[in-house]
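Chemist: A structural model of the following input is requested.
(2 chains)
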Amino acid sequence: MSSSSPTGKELASTFNPADIESSLYSKWLKADYFTADASSTKEAFTIVLPPPNVTGVLHIGHALDQTLQDCLSRMKRMKGYEVLWLPGMDHAGIATQNVVEKQLGAQGLSRHDLGREDFVKKVWEWKAESGGAILDQMKRLGVSVDWSRERFTMDEGMSKAVVSIFKKMHEAGLIYRAERIINWCPRCLTALSDIEVDHQDDAGEFVQIRYGEGEQSIVVATTRAETMLGDGAVAVHPDDPRYKHMIGTEVLLPLVDRMIPIIADELVEMDFGTGAVKVTAAHDPNDFEMAVRHNVPFVVIMNEHGVMAGTGTEFDGMDRFDARVAVVAKLKEMGRVVAEKRPYIHAVGHCSRCDTTVEPRLSKQWFVKVAPLAKASADAVRSGEVKIEPEALAPRYFEWVDNMHDWCISRQLWWGHRIPVWYGPNDEVKVIGPDEKAPEGWTQDPDVLDTWFSSGQWAFSTFGWPEKTADLAKFYPTSVLVTGYDILFFWVVRMMMMSTFAMDGVAPFKTIMLHGLVRDQFGKKMSKSRGNVIDPIEFMDKYGADALRFTLARGANPGTDQALAEDWIGGSRNFATKLWNATRFAMMNGANVNGALPATSELNAIDRWILSRLSETLRDVDSLLENFEFARACETLYHFAWDDLCDWYLELSKETFASDSKANSQRVLGHVLDQLMRTLHPVMPFITEELWCTLTGGESLVVAGWPKSDSSHIDKKSEKLISTLQEVVTEVRRFRNDQGLKPAQKVPGRFSGSADVLEYASALRFLLKLEDKDFTPSASLEIGGIKIELDLTGSIDVVAERARLEKDLAAAKKDLQTAEVKLGNAGFMAKAPADVVVEIKERLAKTTSDIERITAALAALK
RNA sequence: GGGUGCUUAGCUCAGUGGUAGAGCGUCUCGUUUACACCGAGAAUGUCGGGGGUUCGAAACCCUCAGCGCCCA
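Modeler: I've put the predicted structure just below:
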């Protein structure tokens, strides 16, 4: 059987995604549909793609994030906006440098063997050869990004912007250099910001050590015994009665034989450990704070590799973890270990890139003073200029921006934006802007900037800032930022801070739409070690991009994680096949979009009903998508397409399509499919494009109009009638099933009752496999005022029928009781809204008549 | 320790005051003018426990228990 289209094209009998996806994507690129026009008079709709790492490959989280962005972009494009969805990549400082260093390591080389210049050259070579694999994978998903505007955080324009903003922030007093305790990775040999540190529960030890002798001794507790070599004081709480008398005195620090003071500071928790803590000013952030307050000296006892150095003890030259063991052993020997707990589970910081245990280290670094920036970022949300969706996640945002520490932005790496600060021969310090030259003989700071410093500018420097470009004017601020809540703090907050600063207080987006993480089918986090990682490419190969996209969008409830299983992607593929076959069937039956839709007065109730359901669906889906309710939008479309259209409309209309009076229905069906394909297109771009072009002969759904719900089509009367037909069909099917009739077995049957239902008697007969001929009824049913009589050749299964009726009777009695209780409740009658009371009264009447009918039927059964 | 969620069918989750829902899975029947990647029918829940507010609570409040995430 074939289905012909306006273009003479035919649909294959089975849907195979691989046949259409890549050629459709090429078609869209060739037609230049995704390239935005800054000179357009249309209202702009802008999204910047959260730039994936240049080292990255597409994982399921990207697939979700990008599917949602593509849905919004495609819908807005169809709605007539000038849509810019800007793609690009992040240079990912540490991650990328690690990749290239690893490659060098395989050849027995380190970056130092190459030298800075050649190493950076090598990284660029790596990028040209193997970087950005993710971009091609994104094309598989069908992303409608503007490739002509693709950016990279290290490209020329963005690099210039980085230098410009550094200078601007420095001039505003927002960037400074200071000696502080920072997170140090002894393997990557660089400083890390707070958010580049992952806290894990590690099995460590908790050791209590006695300092001093006799009366003048005090027991401190620590998880890092080796740092005692650098202690400058012991701290207690000022109100602690145990130690009050010792405040201001000194105790002997063992091993190094130094007298150190006992100080009082409110930071100390009396209930924790012994209530006395050692103060290692150069190796712990809290100790550093106390040391500053009490003038405790900073004693550095480790080098950059985490190796003990400069303590003047036997421990110099030992790795920090070996030193921990050795120091405890030695102290034990001396009888100074009062108590030990092992294992002691506590949170320990690890480098988020290489998992090495982070070492707090006193070091001179560049910082951003975040207080004013964070306040502006918080205010933008508090004032309503920026909306967080879902609103429930706003407190998390505030918790962060309201309590933010200064941001360490220097990294001791080679791959990244080099800090534009130059030092003169006499310790002069100067920030050199993009168009300036450093004086002769000066040297540049060797460090580079934190990757987030440049990606924080993604929402404006991608448009050409600091130049006053047409793109910037047209597309900034962006409309919505779509991203996972997991990078709210990493990236979103940085974008907010940098953008509001650079763009004169205008926040970078109007809405921050946060989605959750994709988890495995049991809701567990995906991880390589668990072996439960879902590869989006594999599943696109297997089920098609549309199936993956639909599954992800259907699971995307605002701000919450979603589980994903292969079976569910298979289910979405089944849905795609359903759409394919429904369209194929429709076209075999002459569905078309030629000319105007017939007036509703000329349509039968089935056509009026599907138009009514269509209008309601379009109305609901539009509002759901505008509110980022992707899951509910998909659910609504799924049930309209599968239940209303395929299971009921097509089945009820088969009779019509076989008759001579089918023209109106053919036009209606064409219209419904046309609108359905348009509405599904943002979620399932490939199959809808293929089906719609075949059905309508149109150029492309990418540039087709977004459907408007036609409220004049909403027809409650037809909905009521069709719902009665559905009830009749379902009940008779149930009866047939209970009676053991085969689905295809024809049975003589006839209807009597209200005329508007009887008008569709032949459609009912078709669905119920009832024959229209004279017979003596042996069974009868009554549903919704319609009487159905059937001939079961004289014998029916009385036991089965009795069981069925009794079940119905019990349900009806239960309903009756609830209704009676409510109506008999004076409080309910007095306080419940009128429409609820009416509803309950109707329910009472219906259940009463049902009970009478069922009771009579039971009595009639022999 | 601070913050913030979650607990509804076998599994994963919707559902914010008016008769408990979906997808997947399970059971039965079935190749009938698209589709077995299908159709028809069925089973399955004192909505974590307890208390309160209300005419009415899965939903609102309190409390207990369990689980999770973020931050320190």
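
Chemist: quick check: A:Glu616 touching A:Lys716?
Modeler: No. Checked against Cβ atoms under 8 Å, the pair A:Glu616 and A:Lys716 is beyond contact range at 10.3 Å. The way it works is simple: take the backbone N, C-alpha and C, and place the C-beta from them, glycine included.

Chemist: those two: who's more crowded?
Modeler: More crowded of A:Glu616 and A:Lys716, by other Cβ atoms under 10 Å: A:Glu616, with 18 against 8.

Chemist: can you check the pLDDT for the more buried one?
Modeler: A:Glu616 is assigned a predicted lDDT (pLDDT) of 95.

Chemist: name the nearest residue to it, sequence neighbours excluded.
Modeler: Nearest non-adjacent residue to A:Glu616, counting by Cβ to Cβ, 6 or more residues apart in numbering: A:Ile714, 6.4 Å away.

Chemist: run a quick neighbour tally on the one you found.
Modeler: Counted with other Cβ under 10 Å, the neighbours of A:Ile714 add up to 17.

Chemist: ok, it touching A:Leu614?
Modeler: No. Judged on Cβ under 8 Å, A:Ile714 makes no contact with A:Leu614 at a distance of 9.6 Å.

Chemist: RNA strand B contacts on the stretch 401-550 of chain A?
Modeler: When proximity is defined as Cβ under 7 Å from any atom of the strand, the stretch 401-550 of chain A approaches RNA strand B at A:486, A:489, A:519, A:521-523, A:525.

Chemist: show the pLDDT at A:Phe522.
Modeler: Note on A:Phe522: pLDDT of 85.

Chemist: just put the residues of the stretch 401-550 of chain A next to RNA strand B in TSV and tack on secondary structure and neighbour count.
Modeler: Shown next, in TSV, are those (DSSP: H, G, I helix; E, B strand; the rest coil; neighbours: other Cβ atoms under 10 Å):
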residue	secondary structure	neighbour count
A:Asp486	helix	14
A:Phe489	helix	17
A:Arg519	strand	18
A:Gln521	coil	13
A:Phe522	coil	8
A:Gly523	coil	10
A:Lys525	strand	11
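
Chemist: which helix or which strand is home to whatever residue of chain A ends up closest to RNA strand B?
Modeler: Per Cβ to the nearest atom of the strand, the residue of chain A with the smallest distance to RNA strand B is A:Gly827, at 2.4 Å. Assigned by DSSP states H and E, A:Gly827 belongs to helix A:826-831.

Chemist: go on, A:Thr560?
Modeler: Going by DSSP H and E, A:Thr560 is not in any helix or strand.

Chemist: list the contacts of it.
Modeler: With contact taken as Cβ atoms under 8 Å, 6 or more residues apart in numbering, A:Thr560 is in contact with A:Gly516.

Chemist: so where's the stretch 51-200 of chain A uncertain?
Modeler: Under the criterion pLDDT under 70, the flagged ranges of the stretch 51-200 of chain A are A:195.

Chemist: show the residue spans covered by the helices in it.
Modeler: A:60-78, A:93-106, A:111-114, A:116-130, A:133-141, A:156-171 (DSSP state H, counting those that start in this stretch).

Chemist: return the most buried member of those helices.
Modeler: Highest mean neighbour count among the helices of the stretch 51-200 of chain A (mean count of other Cβ atoms under 10 Å): helix A:60-78, with a mean of 24.

Chemist: now the angle from that one to helix A:133-141?
Modeler: Helix A:60-78 runs at 50 degrees relative to helix A:133-141, counting by axes from the mean of the first three to the mean of the last three Cα atoms, to 10 degrees.

Chemist: so helix A:60-78, near RNA strand B or not?
Modeler: No. Helix A:60-78 does not reach RNA strand B (Cβ under 7 Å from any atom of the strand); its nearest approach is 13.6 Å.

Chemist: may I have that helix exported as CSV, CA atoms only?
Modeler: Taking Å, rounded to 0.1, in the frame of the first residue of the first chain, the C-alpha atoms of helix A:60-78 are listed here in CSV:
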residue,chain,number,x,y,z
ILE,A,60,23.7,12.4,28.6
GLY,A,61,23.6,15.6,30.7
HIS,A,62,24.6,17.7,27.6
ALA,A,63,21.9,15.9,25.6
LEU,A,64,19.3,16.9,28.2
ASP,A,65,20.6,20.5,28.4
GLN,A,66,20.8,20.9,24.7
THR,A,67,17.4,19.2,24.0
LEU,A,68,15.7,21.8,26.2
GLN,A,69,17.5,24.7,24.7
ASP,A,70,16.7,23.4,21.2
CYS,A,71,13.0,23.1,22.1
LEU,A,72,12.9,26.7,23.2
SER,A,73,14.9,28.0,20.3
ARG,A,74,12.8,26.1,17.7
MET,A,75,9.5,27.1,19.3
LYS,A,76,10.6,30.8,19.4
ARG,A,77,11.8,30.7,15.8
MET,A,78,8.4,29.3,14.8
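
Chemist: from the chain's centre, how far out does that helix sit?
Modeler: A distance of 11 Å separates the centroid of the chain from that of helix A:60-78, by Cα atoms, centre = their mean, to the nearest Å.

Chemist: tell me where the stretch 601-750 of chain A has strands.
Modeler: Applying DSSP state E, counting those that start in this stretch to the stretch 601-750 of chain A gives strands spanning A:747-752.

Chemist: any weak-confidence spans in it?
Modeler: Judged by pLDDT under 70, the stretch 601-750 of chain A has no weakly predicted residues.

Chemist: hey, where'd the helices end up in it?
Modeler: Using DSSP H, counting those that start in this stretch, helices in the stretch 601-750 of chain A cover A:605-626, A:630-639, A:651-657, A:663-680, A:685-696, A:716-738.

Chemist: got the buried residues for the fifth one?
Modeler: For helix A:685-696, a neighbour-count test (16 or more other Cβ atoms under 10 Å) marks A:685-696 as buried.

Chemist: does A:Ala203 touch A:Pro343 like I think?
Modeler: Yes. Proximity of A:Ala203 to A:Pro343 meets the contact threshold set by Cβ under 8 Å, at 3.6 Å.

Chemist: out of the helices of the stretch 51-200 of chain A, which is closest to A:Ala857?
Modeler: helix A:60-78 (51.2 Å; Cβ to Cβ).

Chemist: can you list the domains in chain A?
Modeler: Under the assignment automatic domain parsing, the domains of chain A span A:190-360, A:562-704, A:720-860.

Chemist: most packed of these?
Modeler: Using mean count of other Cβ under 10 Å, domain A:562-704 ranks as the most buried of those, with a mean of 20.

Chemist: from the middle of its chain, how far away would it be?
Modeler: Centre-to-centre, domain A:562-704 and its host chain are 28 Å apart (Cα atoms, centre = their mean).

Chemist: distance between the ends of that domain?
Modeler: Length of domain A:562-704, first residue to last, Cα to Cα, to the nearest Å: 32 Å.

Chemist: quick one: the strands in the stretch 151-300 of chain A?
Modeler: Assigned by DSSP E, counting those that start in this stretch, the strands in the stretch 151-300 of chain A fall at A:151-152, A:175-185, A:190-192, A:197-213, A:216-222, A:233-236, A:250-253, A:258-264, A:276-279.

Chemist: make a markdown table out of these and add distance to A:Lys121.
Modeler: What follows is the strands of the stretch 151-300 of chain A, written out as a markdown table (distance: least, Cβ to Cβ, whole Å):
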| stretch | distance to A:Lys121 |
| --- | --- |
| strand A:151-152 | 16 |
| strand A:175-185 | 25 |
| strand A:190-192 | 20 |
| strand A:197-213 | 31 |
| strand A:216-222 | 46 |
| strand A:233-236 | 49 |
| strand A:250-253 | 50 |
| strand A:258-264 | 49 |
| strand A:276-279 | 46 |
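
Chemist: turn the ones you listed into JSON lines, including distance to RNA strand B.
Modeler: What follows is the strands of the stretch 151-300 of chain A, written out as JSON lines (distance: least, Cβ to the nearest atom of the strand, whole Å):
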{"stretch": "strand A:151-152", "distance to RNA strand B": "27"}
{"stretch": "strand A:175-185", "distance to RNA strand B": "10"}
{"stretch": "strand A:190-192", "distance to RNA strand B": "12"}
{"stretch": "strand A:197-213", "distance to RNA strand B": "6"}
{"stretch": "strand A:216-222", "distance to RNA strand B": "16"}
{"stretch": "strand A:233-236", "distance to RNA strand B": "16"}
{"stretch": "strand A:250-253", "distance to RNA strand B": "26"}
{"stretch": "strand A:258-264", "distance to RNA strand B": "20"}
{"stretch": "strand A:276-279", "distance to RNA strand B": "14"}
